[in-house]
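Asker: just to be clear, the model below is a prediction. Sequence and coordinates:
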Amino acid sequence: MVVGAMRWELSLPGCFSLKEKRMVVRSLKDRIQHRFKVSVAETDHQDTWTRAQIAVAVVANDAGHVEGVLGKVDRLVQQEGRALILERHQELS
């Protein structure tokens, strides 16, 4: 069994309230979860308008599959026009 996790520190420069931020983050989380069937959560900066941290976890039998899924999720996050990636971190175990 292989467990992979990835997290992104995001800047949300177009958000001017927590309500706007939560709409962006919820939309991104929902798209990730529905498209890739992975666990996803907002893991930090919940009360900051212009920052967010999103984390994803994947479990599979093959490390190549886990890395492939994380790569696809990373591309989806990169394509989110309302969020800028400040930092990303990936772990496999």
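Answerer: That came through, no problem.
Asker: which residues touch the helix or strand containing Glu42?
Answerer: Element membership for Glu42 (DSSP states H and E) is strand 39-44. The set of residues external to strand 39-44 that reach it, using CB atoms under 8 Å, 6 or more residues apart in numbering, is 7, 25, 29, 32-33, 52-58. Bear in mind the C-beta positions are built from the backbone N, C-alpha and C, glycine included.
Asker: which helix in the chain has the most residues?
Answerer: In the chain, with assignment by DSSP state H, the single longest helix is helix 18-36.
Asker: elements contacting that one?
Answerer: strand 39-44, strand 51-60, helix 63-79 (3 or more CB pairs under 8 Å, 6 or more residues apart in numbering; DSSP states H and E).
Asker: circling back: could you pull out the buried residues of the strand holding Glu42?
Answerer: 40, 42 (16 or more other CB atoms under 10 Å).
Asker: show me what it pairs with in its sheet, parallel or antiparallel.
Answerer: strand 51-60 (antiparallel) (DSSP bridges).
Asker: now do the strand it pairs with, average pLDDT.
Answerer: The average pLDDT for strand 51-60 rounds to 97.
Asker: would you mind measuring from the residue most central in space within the chain to Gly64?
Answerer: Centroid-nearest residue in the chain: Ile54, 4.0 Å away (criterion: CA atoms, centre = their mean). Counting by CB to CB, to the nearest Å, the separation of Ile54 from Gly64 is 23 Å.
Asker: likewise for Gly71?
Answerer: Counting by CB to CB, the gap from Gly71 to Gly64 is 10 Å.
Asker: looking at these two, which is more packed in?
Answerer: Between Gly71 and Gly64, counted using other CB atoms under 10 Å, the more crowded position is Gly71 (12 against 9).
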